[in-house]
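Peer 1: predicted coordinates and the sequence they were generated for:
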Amino acid sequence: MAYDPVLADRIRMVLAEELLGGELDDDEGDLGLVEEKRMFGGLGFMVAGHLAVCAGSKGDLMVRVDPADLPALVEDAAVEPMAMAGRTSKSWVNVAPEALDTETLTSWVTRGVAAARTAPRK
């Protein structure tokens, strides 16, 4: 298992409590559309067909964000823009494991879901 299973369980709990418990909404096209997929050496959580967050192998969290928020988000020492294949993303950040207490994890997962909801539909 390449992803951190403890972090994956924590993400599932956040999705169940914060989203499935009332915020996922058929008008948003979300109901029944939260799914898990292995990707990037981690476990991705998709909302309405778009990747929202991903549990990494070292306890880190990849999060989809609004590109307009990126400059402010990366001012936090625990947050950095995602970089893959030599390219820096404008809409993804990586959050260090030490910054993922329960309240902060909830905030990041909620942010990722919101960004996934606003992504163009496929």
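Peer 2: Received it, and whenever you're ready, just let me know what you need.
Peer 1: contacting residues around the longest strand anywhere in the chain?
Peer 2: Counting residues, the longest strand found in the chain (DSSP state E) is strand 87-95. Under the contact criterion CB atoms under 8 Å, 6 or more residues apart in numbering, strand 87-95 has outside partners 56, 60-67, 70, 73-74, 78-83, 104, 108, 115. In short, each C-beta sits where N, CA and C put it, glycine included.
Peer 1: what's the first helix or strand after the lowest-mean-pLDDT helix or strand in the chain?
Peer 2: Ranked by mean pLDDT, DSSP states H and E, the weakest helix or strand in the chain is strand 34-39, scoring a mean of 88. Of the helices and strands lying after strand 34-39 in sequence (DSSP states H and E), the nearest is strand 42-47.
Peer 1: in its sheet, what does that following strand sit against?
Peer 2: Paired neighbours of strand 42-47 in the sheet (DSSP bridges): strand 34-39 (antiparallel), strand 50-55 (antiparallel).
Peer 1: alright, I will stop here.
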